[in-house]
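S.K.: The following block contains a protein sequence and its predicted model.
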Amino acid sequence: MKASLIQDRLCDVVYQIPLSANYYRLGLHSQIDQFTPGQFAMLAVPQIAGVLLRRPFSLAKQDGPITEILYKVVGKGTQALSQVDVGKKIWMLGPLGHGFNEIEKINEGIAVAGGYGIAPFYELAQIRKNAQKPFTIYYGARTQSDLLYLEQFAELGVTLKISTEDGSMGFHGKITDLLNQDFAERAPQKIWSCGPMGLLSAIKKWSAAKQTDVELSIEEAMGCGTGICLGCVVKDQNGQYIRACKEGPVFNGASIDV
Amino acid sequence: MKASLIQDRLCDVVYQIPLSANYYRLGLHSQIDQFTPGQFAMLAVPQIAGVLLRRPFSLAKQDGPITEILYKVVGKGTQALSQVDVGKKIWMLGPLGHGFNEIEKINEGIAVAGGYGIAPFYELAQIRKNAQKPFTIYYGARTQSDLLYLEQFAELGVTLKISTEDGSMGFHGKITDLLNQDFAERAPQKIWSCGPMGLLSAIKKWSAAKQTDVELSIEEAMGCGTGICLGCVVKDQNGQYIRACKEGPVFNGASIDV
Amino acid sequence: MFDYSVKLKNLKLKNPVIAASGTFGYGEELNDFFPVENLGALSTKGLSLKPRLGNPMPRIIETPSGMINAIGLQNVGVEAFLEKKLPLLEKRQVTVIANIFGNTLEEYIEIAKILESSSVAAIELNISCPNVKAGGMEFGNDPKMAAVVTEEVRKVFSRHLMVKLSPNVTSIVEIAKKVEAAGADSLSLINTVTAMVINTQSKKPMIANGVGGLSGPAIRPIAVRMVAQTYQAVKIPIVGIGGITELNDILEFMIAGAAAIQIGTSNFTKPKIAQELIDQLQNHLKTEGLSSPQELVGTLEGF
Amino acid sequence: MFDYSVKLKNLKLKNPVIAASGTFGYGEELNDFFPVENLGALSTKGLSLKPRLGNPMPRIIETPSGMINAIGLQNVGVEAFLEKKLPLLEKRQVTVIANIFGNTLEEYIEIAKILESSSVAAIELNISCPNVKAGGMEFGNDPKMAAVVTEEVRKVFSRHLMVKLSPNVTSIVEIAKKVEAAGADSLSLINTVTAMVINTQSKKPMIANGVGGLSGPAIRPIAVRMVAQTYQAVKIPIVGIGGITELNDILEFMIAGAAAIQIGTSNFTKPKIAQELIDQLQNHLKTEGLSSPQELVGTLEGF
Ligand SMILES: Cc1cc2nc3c(=O)[nH]c(=O)nc-3n(C[C@H](O)[C@H](O)[C@H](O)COP(=O)(O)OP(=O)(O)OC[C@H]3O[C@@H](n4cnc5c(N)ncnc54)[C@H](O)[C@@H]3O)c2cc1C
Ligand SMILES: Cc1cc2nc3c(=O)[nH]c(=O)nc-3n(C[C@H](O)[C@H](O)[C@H](O)COP(=O)(O)OP(=O)(O)OC[C@H]3O[C@@H](n4cnc5c(N)ncnc54)[C@H](O)[C@@H]3O)c2cc1C
Ligand SMILES: Cc1cc2nc3c(=O)[nH]c(=O)nc-3n(C[C@H](O)[C@H](O)[C@H](O)COP(=O)(O)O)c2cc1C
Ligand SMILES: Cc1cc2nc3c(=O)[nH]c(=O)nc-3n(C[C@H](O)[C@H](O)[C@H](O)COP(=O)(O)O)c2cc1C
Ligand code: FES
Ligand code: FES
């Protein structure tokens, strides 16, 4: 996949669609060529009440010149972002970092996602479909309303394995329990995973036990997104701090300490 | 005129009309009963890029529950204000301070306004009309496009005497020159004036020479609008600092040092 | 049993929320608007021995998430305060903290003596004031001078003595310890941070005095740090001040070690903020199942 | 004839805009994006004698109009810098200022010696570092220690020696004077202001190190004040730092007395900001009819 050059562009907001559970789909006229799922962008959310830094968001989908972001309102930056109306403009710096690997190559790859960790798998599912490879997503959430993109995944022919903590949809329990159930005998060929740190640690452990290849997209507070602030580090296997935004956010599971 | 209690209310923006020269008419659903022209309100403009303090604006007109503000974009607070769309909400604290006096009583009162100093005279003209008193406004501006509310004043039967610095409309020159011309022989009974400090000084001097009663609405940077910060003072005739927001913004011309 | 009151040694407040000096006038300005007696206490605009005219205009300028002021301590003087301003506060049973300052040690002592025979509940000693006798060096920036002024005022004022510390120092902890040893009953911190904005057109400072004091949310992280450091070093209660605008900010200060807090600049941007925060804090404490604000104080871990 | 270059004594910069230490990496990160050689100079991430791991996470937190960082001076060490990072900067003909720090006086001297035989144009001495031998007291907070480290580094480094001052002191002017007398060629100010944010849920500091350094627009008025005061007290050139985000901010610093400026946190929020400001400043100077940036420096009136 050819890499797109990083750009910082003032993008028109072409859609801003409220979903359930305080999630939104944001469409930005970014004119990005393409990106690798797992790559992200730094958005300059409105600088309300002293907000200063940009906020990192996974790139969820590219549709011609339009980039989609799936985001959840969790604090004042995302709150301010959700108030930006269609027709207004937002600065977007991206695509940044390194995405998932071997997306088109692996035959039996699965994704494990939690929360807004689902975002990169929208584009990833598209790529798998184009490459005519099957794709299964294990998707864990607290409750049914936290599950996004279900229709889109259905359209892309993705097999969805859902678990919810409260049992309101799919398997009742943790996503790792569901994995244990489905892969009792064998292991998936490769796992791409994105979600909260707790999930990533669990998946890393699980994969190690299964001796399966795993890539983790990790989430750290980010100051710059470009590798210059050293605010987003994670320990590598040698105990050295490496940058989530530059060397990551997608890492080989074995190479980092989560 | 009965005084309205000060209130701090989150008001719907009911209209936001761009005029010429970066001026806007803003309609707020304030539910204020009434105000005295010259009184003002502190608006919480959106706190973009570190904006912290509220901004003072004259109350221009009350129409049922709707208060009108006439404002000009001059810096980042007013810029942010102009981006607030109809349907959004803004905190408004008011009515504050002391307005003009003897509005209904004086028979031959005139106003002298410059820039957005025209704002209070919209309501004042209405009161004069209701009281069936004639009203003339001397209105100075840099150029024609800086002149606002001309239609409204016409409807209210106001006699408008216009001067522009570039001669693009009305008298070519300073408003005091026009006053000198019109009042060569006699003096107006009373002057209500609002505008930039330069204008107010000139009017004060002119009135003193003519031995005419003058009230000046002065403009100072304001931190609170309620008298607690002491950031907006002006010297009185004894050399003591008094507060524009509390003792003013309208002062008897003789009582302050401008 | 839930008890919302706070005891700063011998000073009892009905709640931990104090209006900061210079940001609530003499309590009369917001009268129509705000039941002043609901405040934990009101710290008055700084009082001097004689009335002070204050600085020329402009006196304030906004900065990113903050403001600078150089009011120049304009005030009616301590005598006029007692005569004309205090009666209203007495009538409304407000807990009054008299914020005082002097240009010389003698002035501080004189004001404190006058206040000793008044009804004010406490003195807040503003030591961020240039000492004319020591060539303009601020009392509050020198540990020794800070201790001397505390000690001398202590001798003539028997009720609660709060000393307000300046952040413009290398070690606020060192000064805090000296002031504690000199007999202060409590410490309030921080006062404003010295700062400047320049008008790039006129090439003059944006406030007439040249420099002024920075306040507001911009300085909050500096203030929280100083409270946390000071809490580790002294035993007397601390009153936290700096950029408080919402409940979470109060919690930060209390966790850092503040037994009470003061609200300054926010009174300008939202005149009912103190009342709102009093209510919100009370609800929060109840929801968290705490029996008094005291249970939060100094609960910071990992520092 | 318009001349955009700036001379800080023996250090020539093609323009007055420097990327601040710790906010532009080693110049390679923004490479695709930004012609590093267009900068007046690049101040490197702080270099120590040995590589440093840095602090645990979290290391940064946003504050009102600012941010706090406690990166813990993670860096590759001076040797690896010379070997692996400097060649790219040399190839692109960047004016490199090596920002250095040590835990002991000896470490400072050792690094300076190593740099003496490298191609770096200047050293920027970061003295806001705890001196392990003096019980953790920061070099930069004590006028005497600040002078000693300057003097000793001066002896072993013959090119431009810039000393970066800490704002966390009672009198930055006193330290500036001592450092000037000790042989500094220029002063850069300010470094970050020590600050803290507390997570009110976990009751722990929001950054793992407890306290960190506040930067960004929030501190700009503090920095401008310190530059203006220092300019009145020293003869060597001053480099202004703190919260610069737009042209007007640069003008403020230059009017206050800064011969050059550094851009820090803004590189994070807008990675092309330095280039934009270089262009805007040049246009401004031309429009104003000035023949060099120098004509603006120290033009502040009424202070
Ligand atoms: C590589 C990467 C990709 C990402 N992709 C996505 C994505 O696709 N979609 C998405 O929605 N998000 C994504 N995120 C997360 C997203 O960046 C954050 O949710 C966003 O930055 C939050 O900004 P905010 O201003 O709304 O929240 P903030 O105000 O910055 O707060 C963030 C969280 O911290 C808490 N917090 C803040 N201050 C305090 C305090 N003083 N005490 C206690 N708690 C506090 C808040 O409550 C909130 O939960 C991604 C992050 C990374 C690093
Ligand atoms: C009682 C009263 C009534 C008023 N009524 C009205 C009214 O009816 N309509 C109206 O439009 N206005 C009115 N004003 C004025 C209005 O309050 C101001 O225009 C408004 O506060 C400006 O806010 P701002 O954030 O847009 O500008 P700011 O960013 O605060 O700047 C204000 C002005 O100062 C300049 N400035 C700011 N910072 C600097 C700097 N560092 N260097 C050089 N220059 C600088 C700006 O360019 C601008 O001209 C009134 C004011 C008062 C006191
Ligand atoms: C306009 C203004 C006037 C002030 N006057 C005084 C004063 O007279 N005495 C004093 O001790 N502090 C004074 N202060 C400092 C405040 O009491 C408070 O310490 C400071 O503003 C920090 O709190 P804040 O960030 O909540 O405003 C003043 C502050 C402001 C903004
Ligand atoms: C993430 C980060 C890392 C920094 N690292 C260093 C450093 O290694 N050495 C140093 O002298 N200053 C360092 N600084 C301070 C900056 O160089 C600068 O002095 C400060 O941030 C103020 O400028 P600003 O407000 O423009 O950011 C760092 C600042 C930040 C934000
Ligand atoms: S976010 Fe700044 S280095 Fe990664
Ligand atoms: S604006 Fe605060 S006293 Fe007038």
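M.R.: Now that the structure is in, tell me what you want to look at. Ligands and ions are numbered 1, 2, ... in the order given.
S.K.: May I have the phi/psi pair for the residue of chain C at minimum distance from ligand 6?
M.R.: For chain C, the residue closest to ligand 6 is C:Phe268, as judged by Cβ to the nearest ligand atom, at 6.6 Å. From N, CA and C alone the C-beta is placed, and that goes for glycine too. The phi/psi pair for C:Phe268 (degrees, to the nearest 10) reads phi -80, psi -40.
S.K.: neighbours of it, just the number please.
M.R.: The tally of other residues near C:Phe268 (other Cβ atoms under 10 Å in any protein chain shown) stands at 27.
S.K.: I'd like the distance between it and ligand 4.
M.R.: 26 Å (Cβ to the nearest ligand atom, to the nearest Å).
S.K.: just C:Ile68 next, same as before
M.R.: 17 Å.
S.K.: Leaving aside the residues adjacent along the chain, what's closest to that residue?
M.R.: C:Gly212 (4.0 Å; Cβ to Cβ, 6 or more residues apart in numbering or on different chains).
S.K.: Backbone dihedrals for that neighbour, please?
M.R.: Torsion angles, degrees, to the nearest 10, at C:Gly212: phi -150, psi -170.
S.K.: My read is that it contacts C:Gly66, right?
M.R.: No. Assessed by Cβ atoms under 8 Å, C:Gly212 is found out of contact with C:Gly66, at 10.9 Å.
S.K.: coming back round to it: excluding chain neighbours, what is closest to the residue of chain C closest to ligand 6?
M.R.: Counting by Cβ to Cβ, 6+ apart, the residue nearest C:Phe268 is B:Cys224, at 3.8 Å.
S.K.: Now the one you found: which helix or strand?
M.R.: Using DSSP states H and E, B:Cys224 is not contained in any helix or strand.
S.K.: which ones are touching it?
M.R.: B:Met42, B:Gly231, B:Cys245, C:Asn267, C:Phe268, C:Pro271 (Cβ atoms under 8 Å, 6 or more residues apart in numbering or on different chains).
S.K.: okay, among those, which ones form the most distant pair?
M.R.: B:Gly231 and C:Pro271 (14.5 Å; Cβ to Cβ).
S.K.: out of these two, which sits in the busier spot?
M.R.: B:Gly231 (26 against 23).
S.K.: Am I right that the more buried one is in a strand?
M.R.: No. Checked against DSSP: H, G, I helix; E, B strand; the rest coil, B:Gly231 lies outside a strand; its state is coil.
S.K.: and it, how far is that from B:Val112?
M.R.: Using Cβ to Cβ, to the nearest Å, we find B:Gly231 at a distance of 27 Å from B:Val112.
S.K.: So the residue of the stretch 101-250 of chain C at minimum distance from ligand 5, which state does it fall into?
M.R.: At 19.5 Å from ligand 5, C:Pro221 is the closest residue in the stretch 101-250 of chain C, using Cβ to the nearest ligand atom. Per three-state DSSP, the local secondary structure of C:Pro221 is helix.
S.K.: Kindly provide the distance from it to D:Val132.
M.R.: When Cβ to Cβ is the yardstick, C:Pro221 and D:Val132 sit 26 Å from each other.
S.K.: One more: C:Ile255?
M.R.: Relative to D:Val132, and taking Cβ to Cβ, C:Ile255 is found at 30 Å.
S.K.: higher neighbour count, those two?
M.R.: C:Ile255 (27 against 12).
S.K.: counting contacts, what elements does the host helix or strand of that one pack onto?
M.R.: Per DSSP H and E, C:Ile255 falls inside helix C:247-256. Judged by 3 or more Cβ pairs under 8 Å, 6 or more residues apart in numbering or on different chains; DSSP states H and E, the packing partners of helix C:247-256 are helix C:220-231, strand C:238-241, strand C:258-263, helix C:273-287, strand D:198-199.
S.K.: tell me the most buried of these?
M.R.: strand C:238-241 (a mean of 31; mean count of other Cβ atoms under 10 Å in any protein chain shown).
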